[in-house]
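[1] predicted structure and sequence below. I'll ask about it afterward.
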Amino acid sequence: MEKPEKLIVDGKRLDGRGPEELRPLKIQAGALKRADGSAYVELGANKVLAAVYGPRELHPRHMQQPDTAVLRCRYNMAPFSVEERKRPGPDRRSVEISKVIREALEPVVFTKLYPRSGIDVFVEVLQADAGTRTAGITAAAVALADAGVPMRDLVSAVAVGKVDDTIVLDLTKEEDQFGTTDMPVAMLPRKRVITLLQMDGSFIEEEFERALALAMKGCEQIYEAQKQALKARYSIKPEEG
Ligand code: UDP
């Protein structure tokens, strides 16, 4: 990808968005037949699937915990999901992202209800354009709800950053690569508790405050779309009684 001269021209980003706009977002709850719960998310050019299995008896058994379920997450990028073919299999980045996704989701799951069990979350990135860890969390939260896993709240996630000295919501790959700062955030929308906050680059304090407020506003929008997706799957239509 070639570095563009400017990422923001006359207050508009290269894809036509204003600084505080999300990319087009589509969420489908229940996209896969064989998983206990699933969700498909498109955010701009990102395409991400999440599949949930469990709660079920955890194997290998030595990993079982007598008083709680164990939440396991695996983030994986398909080889064809990025411009330069990704070598299949786990790497340092996917191990890190799997860990932060688990930590972002764990606080909402009532794990204590399922001793000795495992809940497995698979996040598969089919097409990537920056923000895949946050899109993965958004999809995984809907997939957990779709699986009927008891939860305190959903988890909604989006990245914010700084591009050409402007604080922006939901960075594209181009903005991520050539911008100054990228800060993915996940939030429990009802409790407004942050469960993921990473930062690549830097902010001065005032910028950080503004960026975090913008991320939380973005998460609220994502939350509405997550709820809509779950309602679309589970609401009883009038003709069905
Ligand atoms: N990316 C890539 N090849 C890789 C890893 C990442 O092309 O091996 C791209 C991909 O579009 C990804 C973006 O770089 O979405 C930003 O990656 P980052 O590690 O910041 O994670 P993300 O923003 O996807 O959560």
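    Good, I have the coordinates. This one's a predicted model, so the numbers in the text were calculated from it and none came from an experiment. Numbering: from 1, shown residues only.
[2] the closest residue in space to residue 173 that isn't next to it in sequence: neighbour count?
    Leaving aside its chain neighbours, residue 173 sits nearest to residue 130 (4.3 Å; criterion: C-beta to C-beta, 6 or more residues apart in numbering). All C-beta atoms are positioned from the backbone trio N, CA, C, and that covers glycine. Residue 130 is flanked by 25 other residues according to other C-beta atoms under 10 Å.
[3] ok, now how distant is residue 130 from the ligand?
    Distance, residue 130 to the ligand, by C-beta to the nearest ligand atom, to the nearest Å: 4 Å.
[4] in three-state terms, label that residue for me.
    Under DSSP: H, G, I helix; E, B strand; the rest coil, residue 130 falls in the coil class.
[5] what does the one 3 residues further on give?
    Assigned by three-state DSSP, the conformation of residue 133 is helix.
[6] likewise for residue 101?
    When classified by three-state DSSP, residue 101 comes out as helix.
[7] burial count for it?
    Using other C-beta under 10 Å, the number of residues around residue 101 comes to 27.
[8] now do the contacts for it.
    Residues near residue 101 by C-beta atoms under 8 Å, 6 or more residues apart in numbering: 73, 75, 121, 123, 133, 136-137, 140, 196.
[9] of all the residues you listed, which two lie farthest apart?
    121 and 196 (14.2 Å; C-beta to C-beta).
[10] comparing those two, which residue is more hemmed in?
    Neighbour count, other C-beta under 10 Å: between residue 121 and residue 196, residue 121 has more, with 30 against 18.
[11] quick one on the thing from earlier: and the contacts of residue 101 near the ligand, which?
    Residues of those in contact with the ligand (C-beta under 6 Å from any ligand atom): residue 133.
[12] so where's the chain uncertain?
    Flagging of the chain using pLDDT under 70 yields the residue ranges 240-241.
[13] around the ligand, pick out the residues from it.
    Contact residues (C-beta under 6 Å from any ligand atom) of the chain with the ligand: 82-83, 86, 93, 128-133, 173, 176, 182, 184.
[14] distance between the longest helix along the chain and the chain's centre?
    The longest helix of the chain (DSSP state H) is helix 205-234. Distance of helix 205-234 from its chain centroid, counting by C-alpha atoms, centre = their mean, to the nearest Å, is 11 Å.
[15] so which elements touch that helix?
    Packing contacts for helix 205-234, counted by 3 or more C-beta pairs under 8 Å, 6 or more residues apart in numbering; DSSP states H and E, involve strand 25-29, helix 132-146, strand 156-163, strand 166-169, strand 181-188.
[16] looking at those, which is buried most?
    Of all these, helix 132-146 has the most neighbours on average by mean count of other C-beta atoms under 10 Å, namely a mean of 29.
[17] now do the buried residues in the longest helix of the chain.
    207-208, 211-212, 214-216, 218-219, 221-223, 225-227, 229-230 (16 or more other C-beta atoms under 10 Å).
[18] from the contacts of residue 101, which is closest to residue 146?
    Nearest to residue 146 among those, counting by C-beta to C-beta, is residue 140 at 10.3 Å.
[19] tell me the contacts of that closest one?
    Residues in contact with residue 140 (C-beta under 8 Å, 6+ apart) are 39, 50, 52, 73, 101, 105, 121, 123, 155.
[20] can I get the residues you listed in JSON lines including secondary structure?
    JSON lines is the format used below for the contacts of residue 140 (three-state DSSP):
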{"residue": "39", "secondary structure": "strand"}
{"residue": "50", "secondary structure": "strand"}
{"residue": "52", "secondary structure": "strand"}
{"residue": "73", "secondary structure": "strand"}
{"residue": "101", "secondary structure": "helix"}
{"residue": "105", "secondary structure": "helix"}
{"residue": "121", "secondary structure": "strand"}
{"residue": "123", "secondary structure": "strand"}
{"residue": "155", "secondary structure": "coil"}
